[in-house]
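Asker: fold the following, please.
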Amino acid sequence: MTMTPKARAGNVRFGGMQTSHGYIFELTGGRLCLDLTNTRDERPTEHPRELLREYNDALDWGSQAGALSRADTQRLRQHAAAHPVAAAEALVRLIDAREVMFEIFSALARTRPVPSAPLETLNTLIAETCSRRRVKRMRGRFEWEWRPTETPDVDRPLWAAVWSAVDLLTSSELDRIRQCEGAGCAWLFMDTTKNGTRRWCDMSVCGNRAKARRHRVRVRSRFR
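Answerer: This next block holds a predicted model:
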């Protein structure tokens with residue numbers, strides 16, 4: 001499957017280049033879990049764009065975002081080809097979890113109360129994720145790793161995103177979560193600017209559109 005470059009309300013937004021498998025995802029969220037929420041594009045519009053159209057898209061995203069190693073991606077791709085139903089079900093679970101995370105982090109970005117239902121769902125996912133993690137001693141220190149399984153775990157992209165969500169929710173950076181103010185966008189991202197005033201997910205797209213809009217308004221006002 002080949003996906004076209006992402007169109008954002010009149011502007012073409014390029015994620016880089018096309019691969020043999022699909023889209024090059026734009027990773028502007030600053031955290032894996034936020035990058036996952038941004039795989040549904042143009043949310044405020046009448047027809048949002050789904051970027052995870054098949055399981056291999058999820059693998060492309062996981063690989064590009066650093067959630068999967070190249071070897072893991074290849075094993076999962078081969079496993080998915082041999083078990084398409086399991087892969088399709090895993091994609092549904094990933095998308096459902098993405099929407100749960102969007103509800104939670106979007107509320108935090110807008111300084112609104114987090115709804116209890118998505119938080120409970122996330123807690124269920126956290127319990128499942130923890131059962132797939134273990135501590136391993138490596139070179140004199142202890143590190144987290146994914147518990148080895150006999151067959152590739154088709155939910156690996158999901159568990160990685162859930163782990164990222166846990167890390168962010170329990171951090172001191174919740175007040176740095178933002179939602180893009182660009183028209184038709186609503187992407188989530190971490191504002192790492194010193195003064196905490198970042199307004200757009202990507203200045204080259206949403207920021208430039210806002211600047212262009214203000215310029216048109218000024219020009220029109222001169223001729224009234």
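
Asker: can we go C-alpha only for contacts and neighbour counts from here?
Answerer: Noted.

Asker: any chance you could map the strands in this protein?
Answerer: 6-8, 11-13, 40-41, 49-50, 133-138, 141-146, 177-179, 188-190 (DSSP state E).

Asker: now do the fourth one: everything it contacts.
Answerer: With contacts defined as Cα atoms under 8 Å, 6 or more residues apart in numbering, strand 49-50 is touched by Thr39, Arg40, Asp41, Glu42, Arg43.

Asker: before we move on, what about the fifth one?
Answerer: For strand 133-138, the external contacting residues (Cα under 8 Å, 6+ apart) are Phe142, Glu143, Trp144, Glu145, Trp146, Arg147.

Asker: looking at the contacts of strand 49-50, which is nearest Arg132?
Answerer: Closest approach between those and Arg132, by Cα to Cα: Thr39, at 24.3 Å.

Asker: which non-adjacent residue is nearest that closest one?
Answerer: Leu51 (5.2 Å; Cα to Cα, 6 or more residues apart in numbering).

Asker: what subset of the contacts of strand 49-50 is buried?
Answerer: Among the contacts of strand 49-50, those classed as buried by 16 or more other Cα atoms under 10 Å are Thr39, Arg40, Asp41, Glu42.

Asker: how about the residue nearest in space to the middle of the chain, what does it touch?
Answerer: In the chain, the residue lying closest to the centroid (Cα atoms, centre = their mean) is Leu36, at 1.6 Å. Applying Cα under 8 Å, 6+ apart to Leu36 gives the contacts Arg98, Ala161.

Asker: and the helices in the protein?
Answerer: For the chain, the helices defined by DSSP state H cover 32-37, 55-64, 70-82, 84-109, 116-130, 156-169, 208-222.

Asker: pick the most buried one from those helices.
Answerer: helix 32-37 (a mean of 26; mean count of other Cα atoms under 10 Å).

Asker: output that one as PDB - backbone C-alpha positions only.
Answerer: Taking C-alpha atoms only, helix 32-37 is exported to PDB below (Å, rounded to 0.1, in the frame of the first residue of the first chain):
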ATOM      1  CA  LEU A  32       5.600   7.900  21.600                       C
ATOM      2  CA  CYS A  33       2.100   7.900  22.900                       C
ATOM      3  CA  LEU A  34       1.400  11.300  21.500                       C
ATOM      4  CA  ASP A  35       2.900  10.300  18.100                       C
ATOM      5  CA  LEU A  36       0.400   7.500  18.100                       C
ATOM      6  CA  THR A  37      -2.600   9.800  18.700                       C
END
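
Asker: please name the bridge partners of the residue lying closest to Leu34 once chain neighbours are set aside.
Answerer: Nearest residue to Leu34, sequence neighbours excluded (Cα to Cα, 6+ apart): Leu188, at 5.8 Å. Beta bridges link Leu188 to Gln179 when assigned by DSSP bridges.
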